[in-house]
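Enquirer: my questions are about this predicted structure, shown below with the sequence.
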Amino acid sequence: MTDSPAPPANPLSWTGGADGFLTLLDQTLLPGETRYINCETVEEVWQAIKRLAVRGAPAIGIAAAYGVVLATRDQASRTACDAAIEAACDHLATSRPTAVNLFWALERMRRVAHEFDPEQLPILLAKRLLAEAQAIHQADRAQCAAIGRFGAELLAPLGKGAGILTHCNTGALATGGDGTALAAIFTLHAQGLAPRVFADETRPLLQGARLTAWELMQRGLDATLITDSMPAPLMRDGVVKAVIVGADRIAANGDAANKIGTYGLAVLARHHGVPFYIAAPSTTFDLSIASGAAIPIEQRAAEEVTEPMGVRFAPAGIKVDNPAFDVTPAELITALVTERGVIEPVSEESIGALLTEVVAA
Ligand SMILES: CSC[C@H]1O[C@H](OP(=O)(O)O)[C@H](O)[C@@H]1O
């Protein structure tokens, strides 16, 4: 595997006008290869989300929004265009079940189509939908920056060179901007506080080893890759002073679904008196779900565990359990970092108060 070139210009971008296409950095090939793929159909976007060529809750929502724009291509009539948009939203919603950002973005695009003057031509609806997808993208970029500021404020008291552990990948590759948990770490670094970042590998798909390690190195941060089994002694010995991770869906009571392994880190952090933070935009909150018990958890293929990257590690036929996410109960979360501020303590009341403010904004 060769060293990677400079960080990508943009892991997710739209090229052209309403008849344009979505360009994605294929994250399954990182860090060894920087290859961009152009998606010109809804199905190509569906496949890219399903196989994690594009991944991360906010990035999935943004990609799906652009996927709806692709549904409007070459539609001869408004009736056909409206039908294609509905079918696209329904299909894209089946790509992955946990990240609520996907469903939030699709509903926002569907609502724009429903509210658009039925007498207007398909091309005008396509332009309006592209504007909405770009607005979702831009809003996420701003949310990432705000989460970075609030997260850095929370972490700064740890002092210069503090050890901070993160899980999976929550950077520019997972969002429309600089990330969520990683945005807080990038901001801390930019402020000269030189965080010593520990990225765990995050089996089975190795988002930590392949993507977070790569993002941290590209930006010149002090990064150490650790195995998924190493956090406990690092917390016990005071090397890791805080944990900050992302989320894919946060229930109304603050329970949070995130990459498998997150719950275990939260338990370890509580045992060792280490603060455990979750950083996520308001688009990752799902107030329709009362608690984490109702969050759908994606089950993925056994081969991701038995033969990662095509190299078989386990005997053929062994039973495999491969949930992509787990749920961390609110009581184990020290604080939630959003673009509107920090929620602490984590409770239905404090979440409601902050998100009501968001909705009202
Ligand atoms: C900024 S959201 C990142 C979030 O998404 C990841 O899941 P996946 O790589 O399967 O899309 C992981 O849960 C991250 O915390």
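Expert: Perfect, thanks for sending it. These figures come from a predicted structure and were not determined experimentally. Residues are numbered from 1 along each chain as shown.

Enquirer: leaving out chain neighbours, which residue sits closest to Gly246?
Expert: Thr170 (3.6 Å; Cβ to Cβ, 6 or more residues apart in numbering). From N, CA and C alone the C-beta is placed, and that goes for glycine too.

Enquirer: and the one you found, how many neighbours?
Expert: For Thr170, the neighbour count with other Cβ atoms under 10 Å is 36.

Enquirer: repeat that for Glu303.
Expert: Using other Cβ under 10 Å as the criterion, the residues surrounding Glu303 number 14.

Enquirer: one more: Leu154?
Expert: By other Cβ under 10 Å, the residues close to Leu154 number 21.

Enquirer: wait, what's in contact with the residue in the stretch 201-350 of the chain that the ligand sits nearest to?
Expert: Closest approach between the stretch 201-350 of the chain and the ligand, counting by Cβ to the nearest ligand atom: Gly246, at 3.0 Å. Neighbouring residues of Gly246 by Cβ atoms under 8 Å, 6 or more residues apart in numbering: 56-57, 168, 170, 174, 179-181, 258-259, 278-280.

Enquirer: so which of those is the most crowded?
Expert: Busiest of the contacts of Gly246 [other Cβ under 10 Å] is Thr170, holding 36 neighbours.

Enquirer: next step: the contacts of Gly246 restricted to strands.
Expert: Cross-referencing these against strands under DSSP state E gives Asn258, Lys259, Ile278, Ala279.

Enquirer: need these in TSV (columns: pLDDT).
Expert: What follows is the ones in strands among the contacts of Gly246, written out as TSV (pLDDT from 0 to 100):
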residue	pLDDT
Asn258	98
Lys259	98
Ile278	98
Ala279	98
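
Enquirer: of those, list those near the ligand.
Expert: Restricting those to those touching the ligand (Cβ under 6 Å from any ligand atom) yields Asn258, Lys259.

Enquirer: export the ones in strands among the contacts of Gly246 to JSON lines and tack on distance to Glu86?
Expert: Converted to JSON lines, the ones in strands among the contacts of Gly246 look like this (distance: Cβ to Cβ, whole Å):
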{"residue": "Asn258", "distance to Glu86": "31"}
{"residue": "Lys259", "distance to Glu86": "32"}
{"residue": "Ile278", "distance to Glu86": "34"}
{"residue": "Ala279", "distance to Glu86": "34"}
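
Enquirer: biggest separation within the ones in strands among the contacts of Gly246, which pair?
Expert: Pairwise distances across the ones in strands among the contacts of Gly246 peak at 13.2 Å for Lys259 and Ala279 (criterion: Cβ to Cβ).

Enquirer: could you give the mean pLDDT of the biggest helix by length in the chain?
Expert: Assignment by DSSP state H gives helix 122-155 as the longest helix of the chain. Averaged across helix 122-155, pLDDT comes to 98.
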